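Peer 1: model the following, please.
(4 chains)
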Number of protein chains: 2
Amino acid sequence: MLFSTASGYALRALAAMPEDGTYSLAKDLASLLDLPGPYLAKILQSLAQEGILHSVRGPRGGFRLARPAHHITVGEVVAALEGIETMSGCVMGFARCDNEDNPCPLHKAWNEVKAHMDASMTHVTIRDLQILDMQQRREVAGSRH
Amino acid sequence: MLFSTASGYALRALAAMPEDGTYSLAKDLASLLDLPGPYLAKILQSLAQEGILHSVRGPRGGFRLARPAHHITVGEVVAALEGIETMSGCVMGFARCDNEDNPCPLHKAWNEVKAHMDASMTHVTIRDLQILDMQQRREVAGSRH
DNA sequence: TTTTAAGAAGACAAGCCTATCCTTAATTGA
DNA sequence: TCAATTAAGGATAGGCTTGTCTTCTTAAAA
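Peer 2: Next up is the predicted model:
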């Protein structure tokens, strides 16, 4: 997996949250998606601090998307949890490796990879994941019959 | 960086080893490349166990490449230290994400990325890194004047 | 006002990676 | 044979990620 476990959990949880303004509970999302509850709660709290989610304490509280799902990109979520440095730097860890002077043998390939992923991550939004999420949950439900 | 620190160190050390059959000491490579000596020694020992290096104990011993540099691929080194699972699995950590049924929105992009990197890693060898290594050491030497 | 239902925040632990150190084993050379 | 040299192996420690647990705070509902 390219992303961290936390990012994967976050994307799945965001895709499962309704957009009707109602609040979802961390533990409900966790049991729905079969994720570790306390850990998911921490992740959702981080996303709330980053302005991706809105949270309310107390009865009938919980988490909801701070913006429409199609305005939250995958890259934004990953950056909020992992920082933006994830894919920067030389693939091989060479200190002196840049475009102009002495690129490492994997430099060109890695640059194309980065550009490709970067484009995907800024264009794919949580809304795109919602469809997938529905498909997956339908299949899981079907397999239980 | 895509690879682990250990893989980066390993590639740099392998690129710096002579191919004339003589043995290099872990601590010499470490000081030449400015890497943590004991840690590099562990890494080289792992590479010896994997058959990428040949090691001899005692005076005049050390490590040498077990095969010609152009027969050792970058992918082989990374796989020896990190396992082959590094780039397998869904990018987003979705359990049910495959080519046929329900690929995740990043699935296609990630597959192209994987194919690209995989091709590079099996075609680029330690010999390709030797040229880079010479360039980098020359520059470092020059910058000290 | 009291109770209850939530998130927020902190401590804590397990596991992995990075890194160091110490001891042991092997090999060479005197 | 003995001393020196080198890798091999194990123990240990710090940092980060994953994950759990407990306590505190907020806010709604009774």
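Peer 1: what kind of secondary structure is the spatially most central residue of chain A in?
Peer 2: Chain A has A:Leu11 as the residue nearest its centroid, 3.6 Å off, counting by Cα atoms, centre = their mean. Here A:Leu11 is helix, with the state taken from DSSP: H, G, I helix; E, B strand; the rest coil.
Peer 1: what's near enough to touch it?
Peer 2: By Cβ atoms under 8 Å, 6 or more residues apart in numbering or on different chains, A:Leu11 lies in contact with A:3, A:74, A:77, A:126, A:129, B:92-93. Heads up, the C-betas are built off the backbone N, CA and C, glycines and all.
Peer 1: same check on A:Leu35?
Peer 2: A:Leu35 is in contact with A:9, A:12-13, A:29, counting by Cβ under 8 Å, 6+ apart.
Peer 1: kindly report the same for A:Glu19.
Peer 2: So A:Glu19 contacts A:65, A:68-69 (Cβ under 8 Å, 6+ apart).
Peer 1: quick one: it and B:Phe3, what's the gap?
Peer 2: Separation of A:Glu19 from B:Phe3 (Cβ to Cβ, to the nearest Å): 39 Å.
Peer 1: do you know the pLDDT at the closest residue to A:Ile126 other than its chain neighbours?
Peer 2: Distances taken as Cβ to Cβ, 6 or more residues apart in numbering or on different chains put A:Ala69 closest to A:Ile126, at 4.1 Å, once the chain neighbours are dropped. With respect to pLDDT, A:Ala69 scores 97.
Peer 1: quick check on A:Ala69: phi, psi?
Peer 2: When quoted as degrees, to the nearest 10, the phi and psi of A:Ala69 stand at phi -60, psi -30.
Peer 1: wait, it touches A:Gln130, no?
Peer 2: Yes. The pair A:Ala69 / A:Gln130 is scored as a contact, 6.3 Å apart, by Cβ atoms under 8 Å.
Peer 1: let's verify the residue of chain A most remote from its centre: helix, strand, or coil?
Peer 2: Distance from the centre of chain A peaks at A:Asp101, with 35.1 Å (Cα atoms, centre = their mean). Assigned with three-state DSSP, A:Asp101 falls in the coil class.
Peer 1: where along chain A do the helices fall?
Peer 2: Using DSSP state H, the helices of chain A run over A:5-16, A:26-33, A:37-49, A:74-82, A:107-123, A:126-143.
Peer 1: okay, those in JSON lines with distance to DNA strand C next?
Peer 2: Shown next, in JSON lines, are these (distance: least, Cβ to the nearest atom of the strand, whole Å):
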{"stretch": "helix A:5-16", "distance to DNA strand C": "11"}
{"stretch": "helix A:26-33", "distance to DNA strand C": "4"}
{"stretch": "helix A:37-49", "distance to DNA strand C": "3"}
{"stretch": "helix A:74-82", "distance to DNA strand C": "14"}
{"stretch": "helix A:107-123", "distance to DNA strand C": "18"}
{"stretch": "helix A:126-143", "distance to DNA strand C": "18"}
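Peer 1: how about these in TSV, adding mean pLDDT and distance to B:Lys108?
Peer 2: Below are the helices of chain A laid out as TSV (pLDDT from 0 to 100; distance: least, Cβ to Cβ, whole Å):
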stretch	mean pLDDT	distance to B:Lys108
helix A:5-16	95	17
helix A:26-33	96	24
helix A:37-49	98	26
helix A:74-82	94	14
helix A:107-123	85	9
helix A:126-143	72	12
